[in-house]
Structure formats: C-alpha cells, structure tokens
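Student: predicted model follows, preceded by the sequence.
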Amino acid sequence: MDIETIPRAIEIVGGFPRADWAIIAAQVEKEIIQRTGGRAGPVSERDFITSTVDCQRQWMRRMQRHLGGEYRVHEFQGVLYLTEQPEREASQLAEFIEHGLMIIDDCLEAASAKKRFGKLLTIGFTDDDDYADYIGHTYPDRSHTMKNATRMAGASWGQMRQGRDLRGLAGTQLIIEQPKRRELRAIAHELSHIGLEHLSLPAWLSEGTAEVLLRMVMVEPPLKLTPASWGQHQSYWNYRGLGEFWKGDWVDHPGEETRLSSELAELIVRAMNKTDESRFNYFLLNAQPADVGRGAAEKWLGNPLNHFAGMVLGEGPWADKS
C-alpha cells in the first residue's frame with residue numbers, strides 16, 4: 001500500500017510532511033479485508049502490524065527526503081529511528097529506548113498497553129530550529145522547545161477509543177533535539193509518557209507516574225525531600241491549597257510552582273503505589289480527568305485523594321482548601 005495515494009494521509013503542515021495515522025489505520029484495515037476476500041470480522045493483528053510497519057517506513061523515508069543532509073532511517077526491533085547519527089550511536093540509543101519501554105510495561109503490569117501496533121517513530125533533529133519548528137505545530141506556545149525531547153501522539157485518546165483500539169498509537173513519535181547530547185533522562189521521561197498514553201489520566205497523575213517510571217528506567221533512587229524541601233512544601237501548600245494542583249494546569253509551565261507540583265505528584269503516586277501496588281495499577285486504568293481521579297481513588301485505593309496528600313505532607317488543611 002502506497003500511503004502517498006491515500007487522500008489526506010500525508011499533508012505538508014508547518015513546513016513538514018505530517019501523517020494522519022487514524023486515516024492510515026482505517027485504510028490499512030480496509031485493504032486487509034479486501035485482500036482476504038472481504039470476510040467479516042476483525043482483521044488479524046499480525047496482518048495489521050505488518051502493513052502498519054510498512055506504512056511507517058514509507059513516512060520515515062518521506063521525512064528523510066524532506067530533511068536531506070546525512071539523515072538516514074535505522075530500523076530496529078521496536079524502533080524506527082531517523083537521524084544523522086552514525087549507525088553505532090543510533091543503535092545504542094534505540095537499545096536504550098526499547099529497554100526503557102520494556103521496564104515501563106513491566107512496572108505498569110495490568111495497566112500497560114500490552115500491545116504496540118507498529119514501531120516507535122523516533123526522529124533526532126540535528127538542527128535546533130528544525131526541532132523547534134517541527135514540534136511547534138503541536139505545541140504552539142513553544143513550551144516544549146525548552147526540553148531536549150518530547151513526544152507527539154499519533155491519534156487522540158478519543159480516536160483510539162472509537163473502535164480503533166490502540167491502533168492509532170502507531171503514529172506516536174519520540175522527537176529528540178541534538179541526540180548526540182545523549183540527554184537520556186529527558187528521553188526516559190518522554191518514554192514514560194508514551195508508556196501511559198493509552199490511558200486517560202488526570203494531568204497530575206500522568207506527570208507523577210511518569211516521574212516514578214523515569215527513575216525506574218534510569219535506575220535512580222526514589223525522590224526524598226530534605227527537611228528544608230519538606231518545610232517549603234508544607235508552607236507552600238498550606239498557603240495555596242491543593243485545588244490547582246489536582247487540576248494539573250501547572251504541567252508544562254516552567255517555574256517554582258511546577259517544580260513543587262511535580263515533586264508532590266511523584267511523592268503522592270509513590271505513596272499510592274506503596275499502599276497496594278496491584279490495586280494502584282487498576283486505579284491508573286480507571287482514573288478520569290473529569291474528577292481528577294477522585295472516584296477511582298476511593299474505589300480502588302479505599303481513600304480520597306487528600307488522604308494520600310496527607311501521607312506526603314503531614315497534617316494540614318488539605319481537605320478544606322482542595
């Protein structure tokens with residue numbers, strides 16, 4: 001199947017060829033049905049994955065031609081990597097990515113995606129301006145241009161739930177700025193979000209869980225607050241309350257509030273997980289943004305959200321101010 005012939009499958013947007021993976025997934029399914037005699041019922045996952053990976057290769061080659069220079073597409077078991085890096089360096093980074101995703105899935109257990117319909121599309125931009133321009137279409141406020149890596153979803157969560165299962169995730173991209181810098185911690189953070197993207201999580205929970213998973217990938221010890229840091233948290237949240245924290249508007253806005261919020265989210269997630277690891281994974285499966293996870297916390301963890309905030313912050317007027 002030639003994706004260039006599929007209407008609206010690839011369009012130049014923001015100066016780069018962009019693929020609509022929901023359209024491509026639908027066409028892949030349609031062609032498999034036609035090829036197998038039009039029989040009713042779902043297509044085989046093996047056929048779908050094989051055809052999808054072929055479409056991924058085509059799009060990556062299109063991006064390679066667009067970028068020119070020394071860019072080459074390197075293919076690995078779970079990764080397609082477009083970069084100007086030499087083969088050996090590209091292989092080392094792909095190995096880190098594949099190993100990281102394996103660790104993340106193992107940690108999530110019941111809450112993991114379990115299946116990936118294709119390979120992780122990874123682009124390492126040599127030029128900082130190309131990196132900023134490429135992700136600027138998805139993040140127009142340019143907040144992500146201050147990171148060394150970011151992710152771009154292949155399809156919205158709504159599209160994935162509308163009969164497409166997780167197949168729209170075939171277009172998920174890991175975008176890296178100056179890969180030669182080997183900013184592995186930034187890459188691990190984005191891998192953690194990629195491992196969670198099949199879930200519909202409140203922002204605070206997504207960020208906190210991603211930070212916990214990042215430390216697992218990087219083999220780092222859990223976050224522990226110094227007495228001075230703990231006092232800063234106590235003072236800050238005693239004054240501000242937790243209402244804005246649970247809403248998660250602080251995510252992706254650099255500053256002191258974001259630092260404190262990210263630390264608190266990570267510590268709350270770890271406290272929840274420590275309470276009951278297996279039930280925490282079901283909490284992840286059922287937490288919803290609409291109520292910032294309150295209902296799922298009470299059902300699966302047996303306590304309201306503020307109970308877990310209290311486990312981290314100690315006594316305080318959390319219930320009154322949240």
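Tutor: Looks like it came in fine. Numbers count the residues shown, from 1 in each chain.
Student: when you work out contacts or count neighbours from here on, use the C-alpha atoms and nothing else.
Tutor: Fine.
Student: so T209: helix, strand or coil?
Tutor: Secondary structure, DSSP: H, G, I helix; E, B strand; the rest coil: T209 is helix.
Student: C-terminal to the helix or strand of the chain with the lowest mean pLDDT, what's the next element?
Tutor: The helix or strand of the chain with the lowest confidence, counting by mean pLDDT, DSSP states H and E, is helix 157-161 at a mean of 36. Going down the chain from helix 157-161, the next helix or strand is strand 173-177, by DSSP states H and E.
Student: list the helices and strands that following strand packs on?
Tutor: Where contact means 3 or more C-alpha pairs under 8 Å, 6 or more residues apart in numbering; DSSP states H and E, strand 173-177 is packed against strand 120-125, helix 128-136, strand 149-152, helix 184-196.
Student: only C-alpha atoms, please: export the longest one in CSV.
Tutor: Put plainly, it is helix 184-196. What follows is helix 184-196 as a C-alpha-only set of coordinates in CSV (Å, rounded to 0.1, in the frame of the first residue of the first chain):
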residue,chain,number,x,y,z
LEU,A,184,18.9,10.2,28.4
ARG,A,185,16.9,11.5,31.4
ALA,A,186,14.7,13.7,29.2
ILE,A,187,14.2,10.8,26.8
ALA,A,188,13.3,8.5,29.6
HIS,A,189,10.7,11.0,30.8
GLU,A,190,9.0,11.1,27.4
LEU,A,191,9.2,7.3,27.2
SER,A,192,7.3,7.1,30.4
HIS,A,193,4.5,9.3,29.0
ILE,A,194,4.5,7.1,25.9
GLY,A,195,4.0,4.1,28.1
LEU,A,196,1.0,5.8,29.6
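Student: comparing the helices and strands packed on strand 173-177, which yields the minimum mean pLDDT?
Tutor: Among these, strand 149-152 carries the lowest mean pLDDT, a mean of 80.
Student: and that strand, which strands flank it?
Tutor: strand 173-177 (antiparallel) (DSSP bridges).
Student: now the partner strand, how far from the centre of its chain.
Tutor: Taking C-alpha atoms, centre = their mean, to the nearest Å, one finds strand 173-177 lying 11 Å from the centre of the chain it belongs to.
Student: now H307, what's its secondary structure?
Tutor: helix.
Student: relative to E315, how far out is it?
Tutor: 10 Å (C-alpha to C-alpha, to the nearest Å).
Student: which of those two has more neighbours?
Tutor: H307 (19 against 12; other C-alpha atoms under 10 Å).
Student: so where do the helices sit in the stretch 1-150 of the chain?
Tutor: Shown for the stretch 1-150 of the chain, the helices assigned by DSSP state H, counting those that start in this stretch span residues 21-35, 45-67, 87-108, 128-136.
Student: how about low-confidence regions in the stretch 1-150 of the chain?
Tutor: 38-41, 141-147 (pLDDT under 70).
Student: then whichever helix or strand L260 is part of to PDB, C-alphas only?
Tutor: For L260, the element it lies in under DSSP H and E is helix 256-275. Extracted in PDB, the C-alpha atoms of helix 256-275 (Å, rounded to 0.1, in the frame of the first residue of the first chain):
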ATOM      1  CA  GLU A 256       8.700  27.200  41.000                       C
ATOM      2  CA  GLU A 257       5.000  26.000  41.100                       C
ATOM      3  CA  THR A 258       5.700  23.400  38.500                       C
ATOM      4  CA  ARG A 259       8.800  22.100  40.400                       C
ATOM      5  CA  LEU A 260       6.900  21.800  43.700                       C
ATOM      6  CA  SER A 261       3.800  20.300  42.000                       C
ATOM      7  CA  SER A 262       5.900  17.800  40.000                       C
ATOM      8  CA  GLU A 263       7.600  16.700  43.200                       C
ATOM      9  CA  LEU A 264       4.300  16.400  45.100                       C
ATOM     10  CA  ALA A 265       2.700  14.400  42.300                       C
ATOM     11  CA  GLU A 266       5.600  12.000  42.200                       C
ATOM     12  CA  LEU A 267       5.500  11.500  46.000                       C
ATOM     13  CA  ILE A 268       1.700  11.000  46.000                       C
ATOM     14  CA  VAL A 269       2.000   8.400  43.300                       C
ATOM     15  CA  ARG A 270       4.700   6.600  45.200                       C
ATOM     16  CA  ALA A 271       2.600   6.700  48.300                       C
ATOM     17  CA  MET A 272      -0.400   5.300  46.500                       C
ATOM     18  CA  ASN A 273       1.600   2.500  44.800                       C
ATOM     19  CA  LYS A 274       3.200   1.600  48.100                       C
ATOM     20  CA  THR A 275      -0.200   1.200  49.700                       C
END
